[in-house]
Each structure stands twice: as C-alpha cells, then as structure tokens.
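Enquirer: With the input below, show me the fold.
(6 chains)
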Number of protein chains: 4
Amino acid sequence: MDKPLRRRLSPEARKREIVEAAERLLQQHGSRVRVEDVVREAGVAKGTFFLYFPSWDDLLETLRDRLTAEFDATYPLPTEVDGPVDWPAVLDWLAGAYIDFASARQGIGQALFHSDFAERRPLGDHAIVRLAAIIRAGQEAGAFGAVDPEPTARLLYAAIDEAPRAVAGGMDRNATVAALQNLLRRTLAP
Amino acid sequence: MDKPLRRRLSPEARKREIVEAAERLLQQHGSRVRVEDVVREAGVAKGTFFLYFPSWDDLLETLRDRLTAEFDATYPLPTEVDGPVDWPAVLDWLAGAYIDFASARQGIGQALFHSDFAERRPLGDHAIVRLAAIIRAGQEAGAFGAVDPEPTARLLYAAIDEAPRAVAGGMDRNATVAALQNLLRRTLAP
Amino acid sequence: MDKPLRRRLSPEARKREIVEAAERLLQQHGSRVRVEDVVREAGVAKGTFFLYFPSWDDLLETLRDRLTAEFDATYPLPTEVDGPVDWPAVLDWLAGAYIDFASARQGIGQALFHSDFAERRPLGDHAIVRLAAIIRAGQEAGAFGAVDPEPTARLLYAAIDEAPRAVAGGMDRNATVAALQNLLRRTLAP
Amino acid sequence: MDKPLRRRLSPEARKREIVEAAERLLQQHGSRVRVEDVVREAGVAKGTFFLYFPSWDDLLETLRDRLTAEFDATYPLPTEVDGPVDWPAVLDWLAGAYIDFASARQGIGQALFHSDFAERRPLGDHAIVRLAAIIRAGQEAGAFGAVDPEPTARLLYAAIDEAPRAVAGGMDRNATVAALQNLLRRTLAP
DNA sequence: AATGAATGAGGTTTCATTCAT
DNA sequence: TATGAATGAAACCTCATTCAT
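Expert: Reported below is the predicted structural model:
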C-alpha cells in the first residue's frame, strides 16, 4: 500500500518525463500505445497528461519534432566553410547514420511516420527539403548529376526511411547500408 | 406484411459486393472508413459483413491480396520465351505503370500499406520478391550491375511506392516518373 | 449471477423505454441524473443510449418536446366552434391544470427548464405563443382588457410556471391555485 | 532570482477582488465560467481561491448574498415615517428598478438563480418575504385588495424576475415595464 | 443466409479540489 | 498567506463485434 507520493516538478521537467515515457513505450509497442499506458509509465495521473498536451496527437507531434531536432543536432550537415565538402561521402555517412538512428527507435518510426496519425497530421517537408539542399549543393560542386532535386529527394528519402525497417525485419545491417549507399551514389552520380 | 424481399446472392457474389464497396470508400476516405460505412455502401446489414469476414482486418487483408493480384494480372512481367527482354525498359515501364495504378487508388494505399493495419498484419514479401526476381533476371542477362538483389529490391520498392504519393501531394507526374526511372536505371546499371 | 438477457425491441419501443427511464429518474433527482444512471434504470448498455440519442442534451430535448406535447394533448384549448368560450374560466382551469401537471413532475421541470441545459438549448416560444393566443382570443371576445399580449403572456407564464414549484416547496396547493387564478383574472380583466 | 513579489492584501480585500472578478465574468458568460477563469481574471493562484472559498458553490452563494444586499441598499423600501406611502406607486417604481438592475447583470442572474447551482443551494425567501411585506403594508393602508400575501408574493416575484430576461431576449423595455406594472397593480388592486 | 438492435470495453477529455513547496 | 503543479473521479462518446430473431 505505498502511497503514490505526489512529486512536484517544473513544467519542463514534468513534460519531458511524459515525453520520455511515451518515447520508451512507443519504441516497444508502436501505435498500440494509449494515454493510459503513458501516464502509468510516467507515474502521473491522467489529468496531468492533458495539462501538458491538449490531445494525444499533440504529444505525438511534440515527439516527432523532438526526434527530428535530435537527428539534426546529432548529425549536422557539413558546410563549405572549412573547405570543400566531399558530397558523395556525405551520402554514405548519412545512410549509415539514419539506419542506426532509426533502428534504435523502431516502433517510434512506425507510430509517428507510418500510422493513421501521420495521415491525420501530415508531416512537414523538413527531411526532404534538407535532402534536396544536399543534392543541390552537390550539383553546384559538380559532384552530382543533373537530376531533378525535388522529386529525387522525395524518392531517395523513401528509400532511406525504408532501410532501418528492412534491418529491423531481419535484413543484414551491413548489406542494407551497402545497398542504400549504392543506390544514393549511383542515383546522384554525374 | 411485405417481407423485405432479401436479395439472394451466391456467397461469392455477396462477398465481392462488400469488397468492392469497401474499395470504393477506402479510395476516397482512407483509413477513416468504418464497418458501418461499408455495409451502407454495399446495401447489406451489419451482421452480414461478419458473416463473410471474421473481422475488419480480414476484409483489409482480402482487399490487399485482391489489389496485388489485380496489379500482377494487369501488368504481367515479360518472360524470355518470346526472345530476350530489355530489362532496363521493363524498369521504365514498371515505374509508370505503378504510379498510374496507385495514383488512381490513393486512399487505399494509405489504408492498406501505411496505416496501423499494416503494422498489425505485416505485408508479405510478394512485391519485393517480384522485384528481386527482375533484378536477378536482368543481372543474368548482363543488363544490371552486381547489386545485392534482396536489400536493393526492398529499397527500390520503397521509392517506387512513394512516387504515387508524391504525385498525389502535388508533385508533377512526369517529373516524378522521370526521377523514378532515373533512380531505378542508375541503381541497377552495370 | 443472472445474465442480463439481451432483449430485442423495436427502435421506437426501446427509445421510449430510455425516455421513460430518464423521465422517472429526472423526476426524483433533477439535473443530477447522468447517462450512466439512465442506462442502468433502463436496463440497457451505454452504447444503446447513444444509438438513440447523439448526446445527452438530445435526450433532454426529446423529453422536453414530449412533455410539451403531452400537456397540449391532455389539456387542449377550447375553440369557438361549439359556441362562445368563457375565457376567464379557461384561465382558472388552465391554472389548476398546469399546477397539477407540473407538480407531478417536479424534478423534470427543474432539469429541463431551470438548469444549465435550458441555457445551452434555449426553449422555443411554444408555451408563450399559446398563452398570447388565448389573450388575443379573449380580447376579441371582449372578455379581456387591452393589455399588450406578448410581454404579458411572458410574464404570466413565469407566474404560472412558478406555481407548482411553490406547491412543491410546501405552499398550500389550493391557496396557490387561488392566488394564481386571481393574478390571471385580474391582470387580464377588461 | 527576483521573487514574484506577492501582493499582500488584507484578507477582506483579497476576497473582494475574487468576488468582483467572478462578478465581471459571470455577467458576460453565465454559468460557463470556471474557477480557472476567475483566478486568471483576479490575478491570483488557483489555490488562493480555495483559501477564501471552501468550494465553488460557496463563491456563488457569497455573490448571491452580495447581489441581494446591493439591490436592497440601492433601492430601500419607503417607510411610513415621512408620511403615508403611495403603495401602488412603489410597485411601479419597483418594477422599473428591478428590470434595470437585473438587465445590467444578465449572466449573473442565470448563473445564480436559474442554474443547477440554484437547485443545489436553494435560495432563501428574502426577496419574497420583502415583497409579501409590501403587500401587507399596502393592505393595511387600504391600498391593496385582500389577496393571500405569501403565494401572491411568490408568483409576482416570478413575473418580476422574468421581466429582465424578456428584455434581454429582445422584448421592448418599455412595453415590458408597462406590462409588469399593469400586472402588479391589477393583481393587488382593492 | 440475413438482419439490425444491442453490447461494452476502450478511449479522450474536463475541472473542482488538494497539497507539496 | 500564497502558489500552481498534480490529482482522479466522472463525463461523454465510438465502434468492432455479437446474437436474438
């Protein structure tokens, strides 16, 4: 009969706890996770959840933004300031980085990007815009061929995004990385 | 006391009516469609639905199989029997065919392949196996390079599958087809 | 452990059962009554309630219409067809009828006409229009004085409506009827 | 580390601030107003509210008492000390005074006197007792007829109370006042 | 084989009130 | 005295599935 013990935290800390609890559960169980589960995992009352998120979808959106920002911060794109960039090498590195980042977050990807939620709250263009920027930069540097950046970025992103799911599904990690790198390099080769 | 005069149909015909009603609705409204909607569209009672499908997911699975079979029947792969096959041209043709087929079925793709259902009932390998077979055949004919067929097929399929969604999202159809063809040809080039 | 036994009724019968269950409870407990209570009293599942009423307020509205119609049917206004009408006597009779009708339905009146619901779903003019019609008819017959029918009808209705609450609150029934009859007759006297 | 610099007020002043904030909001929004809204308007923390009022209903009760007292103070009844009182004229004056007082406080009337709160915390007899006293005084002065003071006061009060709502609902103010004055004078006429 | 009324678990959301700080 | 984060019971509502007819 241990009392739950009401813990008072700063709003930011409490919000972070809820987000992290959700992240943990989503990782394991994908979109089967419900508010009920998250509050149990976070050790808070149901009302507390809605104190920080107007609705369930708002939590997912927060999580999605957080994830995007985390990837961008962990893997910042190289800039020309420190000398010329080896764009094909950037592609190789990006392929491996994405696969490892997303493989460690299995269910989240499903719940945030391949679920009914993704349909209800369409994703922004962030990732695709970023990829298109790389393509353009590479083209200007003469490292890439004359492909149409927008549609190509979108298709390449789909392939990149599929890779960690292939690995999760049992495909060999290194073979998948190699196949993805081959696909990226060749598609963009001059 | 006029009895409702129930239409007596063969089980196959009745089942097909339900499937087609679902197909029509899913096309327009994606995974928002409910059992209620389907039976209204099909003009049958709710109980009848469950006479033919143990559960909602079973209908979706039936629909998925049907769609796959329909595509395979509409776009049969060429065989060597009538002389050598121009594999790169097959790729080009496949890209256009897939985009047009799936563009005409927008919401269904979402509901069957990019929803919580897809997570609950994972898709078989059919499409990827088929693509891998093409790659292998092309390699044997000396038309494709030495890529690893399985992971490559999976990544290419992801790109192919994204293309109609790009078009639905406003991307130019021809630019998308061109980008996809470029991606396929170059990835598999010798 | 007696099974609840699923009873199949015609929609009208089932709807009526729910309405009557609500009526019974509202009578005793006023606006404290909730969906939960009504379904228990009616012996149906919660979902059944929402099968017949999109929302709680819709049940209350149905009940309100039903009550109004019931009163009108039970106490139809006299018409001139069978000879001249004694309008002042109609007033006396109406006063008594209303008090007895509403006294037998205490809590309902509160829940439907003097609660937050009444604020959310404002009442139509039905009762007041009916009273104004009586006033006008009496005036034309020379039985009533030259009061302004609309505002007078509204004020008189407020007094009429208060009477059963006075009785419910302990006031003597006959003294209240007498006071109300006096108020009506004198206000409208020529 | 600047402390929030809490405004120290005397308990009475702080309580009055809360009451007045509630009054302002209730006036505009009726019983839709919540504790949350009141504390924001008053510029105090939520806990502070419950420091001064054990419950929400206690605030409403305080407000109700305050309103009653305010009306009594603003419109004190005439006494015989300065000579005989013209009781019928008092009625006329009272009708106009009440309508104007309550018209300026629309939502409050609803929230305090015609809501679920009014059911939970029944109103005292104050207003009715006051009106009955007028009737009796007028009767003693020979200005009013031999009606039964208690039930009549209650019914008249209902009519008086309805008048400002009629005006709020679009009825002409002067026509309403006239109708009410007619009702009062005639009902009580000798 | 067919119906459609009925179910009830499951979900989101609200808000007066409490209590650690 | 004051704060405001936290609570949790209770409300409304949905919808795949069941089952009496």
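Enquirer: The closest residue to residue A:66 other than its chain neighbours: which element?
Expert: The spatial neighbour of residue A:66 that comes closest, neighbours along the chain excluded (CB to CB, 6 or more residues apart in numbering or on different chains), is residue A:19 at 6.6 Å. For every residue, glycine as well, the C-beta is placed using N, CA and C. Using DSSP states H and E, the secondary-structure element containing residue A:19 is helix A:11-29.
Enquirer: same deal with residue A:39?
Expert: Here residue A:39 is assigned to helix A:35-42, by DSSP H and E.
Enquirer: quick revisit: the helix holding residue A:19 packs against which elements?
Expert: Here helix A:11-29 is seen to pack against helix A:35-42, helix A:46-52, helix A:56-74, helix A:106-113 when contacts are counted using 3 or more CB pairs under 8 Å, 6 or more residues apart in numbering or on different chains; DSSP states H and E.
Enquirer: Give me the buried stretch members for the longest one, please.
Expert: Okay, so that is helix A:56-74. Neighbour counts over helix A:56-74 (16 or more other CB atoms under 10 Å in any protein chain shown) mark A:56, A:59-64, A:67-68, A:71 as buried.
Enquirer: can I get those in JSON lines with distance to residue A:115 and pLDDT?
Expert: Conversion of these to JSON lines gives the following (distance: CB to CB, whole Å; pLDDT from 0 to 100):
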{"residue": "A:56", "distance to residue A:115": "12", "pLDDT": "94"}
{"residue": "A:59", "distance to residue A:115": "13", "pLDDT": "96"}
{"residue": "A:60", "distance to residue A:115": "9", "pLDDT": "95"}
{"residue": "A:61", "distance to residue A:115": "13", "pLDDT": "95"}
{"residue": "A:62", "distance to residue A:115": "16", "pLDDT": "95"}
{"residue": "A:63", "distance to residue A:115": "12", "pLDDT": "95"}
{"residue": "A:64", "distance to residue A:115": "11", "pLDDT": "95"}
{"residue": "A:67", "distance to residue A:115": "14", "pLDDT": "94"}
{"residue": "A:68", "distance to residue A:115": "16", "pLDDT": "93"}
{"residue": "A:71", "distance to residue A:115": "19", "pLDDT": "94"}
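Enquirer: Quick check: of those residues, which lies closest to residue C:118?
Expert: Distance to residue C:118 across the buried residues of helix A:56-74 (CB to CB) is lowest for residue A:56, with 33.9 Å.
Enquirer: what about the residue lying closest to the closest one once chain neighbours are set aside, distance to residue A:46?
Expert: The shortest distance from residue A:56 to any non-neighbouring residue, by CB to CB, 6+ apart, is to residue A:35 (5.6 Å). According to CB to CB, to the nearest Å, residue A:35 stands 7 Å off from residue A:46.
Enquirer: is it true that residue A:57 touches residue A:119?
Expert: No - between residue A:57 and residue A:119 there is no contact, the gap being 11.0 Å when judged by CB atoms under 8 Å.
Enquirer: Tell me, what's the model's pLDDT at the residue nearest to residue A:66?
Expert: The predicted local confidence for residue A:19 comes out at a pLDDT of 96.
Enquirer: got the residues of chain A near DNA strand E?
Expert: Counting by CB under 7 Å from any atom of the strand, the positions of chain A adjacent to DNA strand E are A:6-8, A:34-36, A:46-47, A:49-51, A:54-56.
Enquirer: ok, back up a step: now do the contacts for the residue nearest to residue A:66.
Expert: Counting by CB atoms under 8 Å, 6 or more residues apart in numbering or on different chains, residue A:19 makes contact with A:59, A:62-63, A:66.
Enquirer: try 10 Å
Expert: A:38, A:42, A:52-53, A:59, A:62-63, A:66 (CB atoms under 10 Å, 6 or more residues apart in numbering or on different chains).
Enquirer: from those, which single one is nearest chain D?
Expert: Closest to chain D out of the contacts of residue A:19 is residue A:52 (15.7 Å), distances taken as CB to the nearest CB.
Enquirer: so how many other residues sit close to the residue nearest to the closest one when sequence neighbours are not counted?
Expert: Setting aside the residues directly before and after it, residue A:52 is nearest to residue A:15 in space (CB to CB, 6+ apart), at 4.7 Å. Here the neighbour count serves as a burial measure; for residue A:15 (other CB atoms under 10 Å in any protein chain shown) it reads 17.
Enquirer: could you measure residue A:15 against residue A:73, distance?
Expert: Going from residue A:15 to residue A:73 by CB to CB gives 19 Å.
Enquirer: Please apply the same query to residue A:179.
Expert: With distances defined as CB to CB, the gap from residue A:179 to residue A:73 amounts to 28 Å.
Enquirer: related to what we said a few turns ago, looking at it, the residue nearest to residue A:56 is touching residue A:55, isn't it?
Expert: Yes - under the criterion of CB atoms under 10 Å, residue A:35 is in contact with residue A:55, at a separation of 9.3 Å.
Enquirer: so who does residue A:44 touch?
Expert: The contact partners of residue A:44, by CB under 10 Å, 6+ apart, come to A:4, A:6-7, A:9, A:14, A:17-18, A:21, A:38, A:51-52.
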